[in-house]
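# Give me a model of this one.
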Amino acid sequence: MAARPPRSQHPRARHPAGGAAQAPPYTLLRTTGSDGAPDRYETTRPPGTVITHRVDGFPQRFELTDAPLGDGTFAAEPLDSP
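Numbers count the residues shown, from 1 in each chain. Next comes the predicted model:
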């Protein structure tokens, strides 16, 4: 059985020449920014990570997923009810 690559080699991570890992942003599902579009969150954290983001002034937890969306971002699923 082949060993899994370390998380730092996640297939989404891109390493520009001489730079740190960069990943496409996450779309925070069920959020709306000031421009009417869903909020986005940029991080190099791996899928499965839980982040906290303020929604309407209140902290809300989201789980980063590896589910791609049609706009080139990945889904961040809300864990808390608004």
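# Now stretch 37-45: buried residues?
Using 16 or more other CB atoms under 10 Å as the test for burial, stretch 37-45 gives 38-39, 41. Quick note: C-beta positions are derived from backbone N, CA and C, even for glycine.
# I meant to write stretch 54-65 there.
For stretch 54-65, a neighbour-count test (16+ other CB under 10 Å) marks 55, 60, 62, 64-65 as buried.
# Need the contact partners of it.
For stretch 54-65, contacts defined as CB atoms under 8 Å, 6 or more residues apart in numbering pick out 26, 28-29, 31, 39, 41, 43, 45-53, 74-80, 82.
# Just the buried residues out of the residues you listed, in ChimeraX syntax.
Only the buried entries of the contacts of stretch 54-65 go into this ChimeraX selection, using 16+ other CB under 10 Å:
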select :26,28,31,39,41,47,51,53,74,75,76,78
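# among the contacts of stretch 54-65, which are in strands?
If you go by DSSP state E, the contacts of stretch 54-65 have 26, 28, 41, 50-53, 74-78 in strands.
# Now do the same contact list for the residue most central in space within the chain.
The centroid of the chain falls nearest to Tyr26 when counting by CA atoms, centre = their mean (3.4 Å). Neighbour list for Tyr26: 40-43, 62, 64, 73-76 [criterion: CB under 8 Å, 6+ apart].
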